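Chemist: What follows is a predicted structure for the sequence shown.
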Amino acid sequence: MSEGRRKAPTRARRKKHWALRVAGWLLGLFFLGVIGVVAAFFIGYQTTDIPDPNKEFAANTTTVYYSDGKTVMGTFYEQNRRSVPLAQIPKYVQDAMIAAEDRTFWTNPGVSPSGMARAAFNIARGEQLQGGSTITQQYVKIMYLTQERTFSRKFSELFIATKLSRSQDKKQILEGYLNTIYFGEGAYGVAAAGQAYFSVPEPNKLSIPQAAFLATVLNNPTRFDPDNKSAAAQKRILERYQYVIDGMRQSGTITEAKAAQYSAKLPVINKPKKSGGKYQGPNGFLLDMAKKELGKLVPQDQISGGGLKVVTTFDKRRQNMMVAAAQSELPKKRDNLHVGLASVTPGTGQLVAMYGGPDYLKSQLNWATAPGRPGSSFKPFALAAALMDDRSIYDKFQGDSPIEVQGQELNNEFDRSYGDVDLMEAMEQSINTAFYDLVDKQMENGPAKLVNAAELAGVPKSPSLERGRNNPSTVLGPDPYASPVDMANAYATFAAGGKAVPVHVLKSVSGPNFKTWTDQKEIIAKKGKQVFEPRVANMVNYVLQNVVDGKHGTGDKAQALDRPVAGKTGTAGGVALEHRKADKACGGCKEGKDTLTSWWVGYTPELSTAVLYRAGKTGEGDLDPYSSDDAFFGGNWPVRTWLAYMEPALKGVPDEPFAEPDKAEIEDSPTPTFTPTPTDTPPPSNTPPPSNTPPPSNTPPPPTNTNSPTPPPPTNTKTTKPPGWPSIPTKPTKPTNTPETPGGGGQ
């Protein structure tokens, strides 16, 4: 045998020997790791004591403050709990909770290794610690630990859960869990939850579907909130509910037939009326709004039991003034009359005052956040769109009535004609046909540009508004586009020189186990966005000041504020709810006779406030019986209520002028003054109705007030202002109000 043949096997054996040595080392390290982990667990287990129950949990009260951070508005410490023995909780209720949260509860050691591994992986990736907890772990977290999500807290949970599972009977743990877990609606424990969602205070009176629903919401009361009526939310809730029902079927609690029956739909929710002092009165709406916004920042359990300090944007002084204005400066007839008010500081998005109704406990319908038809208060967005389209405020448009748009005849209030008018005059007297001409005929894709401008200003995107991109008369807001909160913030965008900031009600949130969130000026500056060029916003402000100070301004009563004011009136109408049956019977004969909404949105450089009047239980009633005017004009009661708030709210605040518009855009431009030409008998009104009302009527609403302002006599004289800076009157002039159109969005 050669030398080469003898050496080859030796090298193979050496290579194999080296591989075995490495494998041995790795195996040894593995066993050392296992021993280390076991030792660490043993030491942690031995050194961890079970704390006193509820020691920290009972002290976690969330307190809500006004904007000063000192004056308490209310609390969210709603531990509505009534403990009951496990013997009084039916087995099917117990099984529903186990099917939802921990299907191996009766056999596991109190912890879920796979869930812990998943939580550790999430932390390693920098994500929030969540998921994977057994019922025992959840109970430990609630009763013995804080709500912070860290490695140390999770390991404490692991050791305590393991000890608790070894030292207590599973039935004891389940009883404690069912009496402490949070179900939403301020309800802690299954007894309180049954009362909160179904008005069933005793767990043994709950039906199987009701028990399954409670097991559904406890997983995440915010995510599975039945009050969220969106299609996506309802689908999510139903799928989770069906998961619980199927788990009960698998455990043998219910038969397949019953599972199929119960899975078809959710049980009917029957919440009792809210009671208690803290939500009572107008300020209950503030607390409710703050709670909803807080739910976007922190888990639901921390809202009611996290010991948070929540500072809102609501100014206590101004809020009191708004409540006083909304409850005192009203028509004498008040039954079923509703007013919503909202006030925003320009450039901040902070809602400083809001009036949603007289008592939250009696009705949770918030008239300050409920969308309504904006009518002519939508015209400033058309003006902004025109300016962005490089048009001038002195461009001429058709002021005569009617005007034909897409085969429809659209008209002015009481079908009055004004001749050719510019945008200054059209806005001042709220001439509908001029804006139809601008948006629907002169501007390419005018309705879409109008919608874009409204959304840029801060009007939320909605299906009804998006439909307006292709519809005639969008400029008169025939559908529920916006709420007073939305409109106050959108007009605040103009006051802030074109800078938009999302409206919000929280300034700061802090707590022992919550990283402080704050909304100070530097953060607001980052959130704000310059949506309009300053030249556009300043020109809108200039034109809207003329609505107040112009010779025929529809908002001339706002001059009483005696400081720079801009704003716009608006009404929208159709057929009131109480008249729709009769209207249907007569083929639409009542269309245009009812005023459904009446607005005044007015602002100064310091404060933007919207006022909206509505009538009827649902806000679809007729406003006209509440006023002696020809219609419930936006320039009357809405302005009066606005003044009752704004005068004291701005007391002591220095007067600030609006930024001047670009002189080059207004110098040497003639500003004709037009006088409307009345007719002895108003011709038929063909104003288009809201999209959800019957066809228009051919009969205008008859005058009901003999003291209504009389229009000036016919004249064809047009005066021209001399070249230079067009002045805005600073002293009140004799009112020459133009009646609003109750049937489609007048002044």
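Modeler: Done, it's in.
Chemist: mind listing what's buried in stretch 199-208?
Modeler: 200, 203, 206, 208 (16 or more other Cβ atoms under 10 Å). No exception for glycine: its C-beta is placed from N, CA and C like everyone else's.
Chemist: Between the two ends of that stretch, how far is it?
Modeler: 15 Å (Cα to Cα, to the nearest Å).
Chemist: Show residues contacting it.
Modeler: 82, 84, 88-90, 92-93, 96, 190-191, 194-195, 198, 210, 214, 248, 254, 258, 262, 267, 270-272 (Cβ atoms under 8 Å, 6 or more residues apart in numbering).
Chemist: how far is that stretch from where the chain is centred?
Modeler: 33 Å (Cα atoms, centre = their mean, to the nearest Å).
Chemist: ok, so of the buried residues of stretch 199-208, who is nearest residue 349?
Modeler: Of all those, residue 349 sits closest to residue 200, with 42.0 Å by Cβ to Cβ.
Chemist: Show me the buried residues of stretch 199-208 that map onto strands.
Modeler: Per DSSP state E, strands hold no members of these.
Chemist: which regions of this protein lie under the pLDDT threshold?
Modeler: By pLDDT under 70, the low-scoring segments of the chain are 1-19, 21-61, 77-80, 112-132, 143-167, 274-277, 305, 513-514, 520-526, 668-747.
Chemist: so who does residue 72 touch?
Modeler: With Cβ under 8 Å, 6+ apart, residue 72 has these contacts: 63, 64, 65, 66.
Chemist: most surrounded residue in the residues you listed?
Modeler: residue 64 (24 neighbours; other Cβ atoms under 10 Å).
Chemist: Surely that one is within a helix?
Modeler: No. Secondary structure of residue 64 (DSSP: H, G, I helix; E, B strand; the rest coil): strand, not part of a helix.
Chemist: didn't it look like it was pressed against residue 314?
Modeler: No. Residue 64 is beyond contact range of residue 314, at 9.4 Å (criterion: Cβ atoms under 8 Å).
Chemist: what's the overlap in contacts for the two?
Modeler: Common neighbours of residue 64 and residue 314 (Cβ under 8 Å, 6+ apart) are 73, 290.
Chemist: in the one helix or strand residue 93 maps to, what counts as buried?
Modeler: For residue 93, the host element (DSSP states H and E) is helix 91-101. Buried residues in helix 91-101, defined by neighbour count with 16+ other Cβ under 10 Å: 92, 93, 94, 95, 96, 97, 98, 99, 100, 101.
Chemist: how near is the last one to residue 241?
Modeler: This points to residue 101. 14 Å (Cβ to Cβ, to the nearest Å).
Chemist: Stretch 428-444: end-to-end distance?
Modeler: Terminal residues of stretch 428-444 are spaced 24 Å apart (Cα to Cα).
Chemist: typed the wrong thing, it's stretch 429-441
Modeler: Termini of stretch 429-441 sit 20 Å apart (Cα to Cα).
Chemist: go on, stretch 605-621?
Modeler: 34 Å.
Chemist: chain center to that stretch: distance?
Modeler: The answer for stretch 605-621 is 16 Å, by Cα atoms, centre = their mean.
Chemist: what's the neighbour count on the nearest residue to residue 446 once chain neighbours are set aside?
Modeler: Nearest residue to residue 446, sequence neighbours excluded (Cβ to Cβ, 6 or more residues apart in numbering): residue 439, at 3.9 Å. The number of residues packed near residue 439 is 27, by other Cβ under 10 Å.
Chemist: Now do the helices in the stretch 201-350 of the chain.
Modeler: Counting by DSSP state H, counting those that start in this stretch, the stretch 201-350 of the chain has helices at residues 208-218, 231-250, 256-263, 283-294, 300-305, 316-328.
Chemist: Burial-wise, tell me which of the ones you listed comes out on top.
Modeler: Burial of those is given as mean neighbour count (mean count of other Cβ atoms under 10 Å); helix 208-218 ranks first at a mean of 26.
Chemist: Direction-wise, compare it with helix 256-263 and give the angle.
Modeler: Helix 208-218 and helix 256-263 are oriented at 60 degrees to each other (axes from the mean of the first three to the mean of the last three Cα atoms, to 10 degrees).
Chemist: quick one: helix 208-218 to helix 231-250, angle?
Modeler: 120 degrees.
Chemist: Please parse the protein into its domains.
Modeler: The record's domain parsing of the chain by automatic domain parsing lists 47-77+274-298+310-393+424-667+706-747, 78-263.
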